[in-house]
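Trainee: generate a structure from the sequence data that follows.
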Amino acid sequence: MLELEFFLYAVREVGAREKLAQRYDGIRRAITVTLKRHFEEMGLEPPIPEEQLSWALLAMATGIEMQQRAASGEMPEKLWKTSLDGC
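Mentor: From the prediction side, this is the model:
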């Protein structure tokens with residue numbers, strides 16, 4: 001919840017936006033490194049460049065968290081797995 005509140009604040013305040021951008025950049029870099037290692041270890045080619053995939057995964061994680069918190073029911077079982085089939 002705090003993540004969403006900070007996001008809303010950061011879109012209005014330049015200094016906070018820069019800090020949030022740095023935070024997201026660091027998260028995406030970590031995801032990219034992890035994805036590169038994963039695909040290399042599995043002997044697979046990523047469906048799109050790992051850098052782009054890290055953007056999509058971070059956006060999905062953020063959106064799924066928001067949806068899960070606001071949902072009246074449970075998150076669909078195996079949502080992540082079925083969403084990422086082929087990756």
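Trainee: and the closest residue to Val11 other than its chain neighbours, how far from Ala10?
Mentor: Distances taken as C-beta to C-beta, 6 or more residues apart in numbering put Arg17 closest to Val11, at 6.5 Å, once the chain neighbours are dropped. For every residue, glycine as well, the C-beta is placed using N, CA and C. In this structure, Arg17 lies at 4 Å from Ala10, with C-beta to C-beta, to the nearest Å as the measure.
Trainee: so between those two, which is more surrounded?
Mentor: Ala10 (18 against 14; other C-beta atoms under 10 Å).
Trainee: can you pull out the helices in this protein?
Mentor: Listed from the start of the chain, the chain has helices (DSSP state H) covering 2-10, 14-42, 50-70, 79-84.
Trainee: kindly reformat the ones you listed as TSV and extend each row with mean pLDDT.
Mentor: Rendered in TSV, the data for the helices of the chain read as follows (pLDDT from 0 to 100):
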stretch	mean pLDDT
helix 2-10	90
helix 14-42	96
helix 50-70	91
helix 79-84	81
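Trainee: ok, His27 - contacts?
Mentor: Heads up, residue 27 is Ile, not His. Applying C-beta atoms under 8 Å, 6 or more residues apart in numbering, we find Ile27 in contact with Leu58.
Trainee: that's all I had, so thanks and see you.
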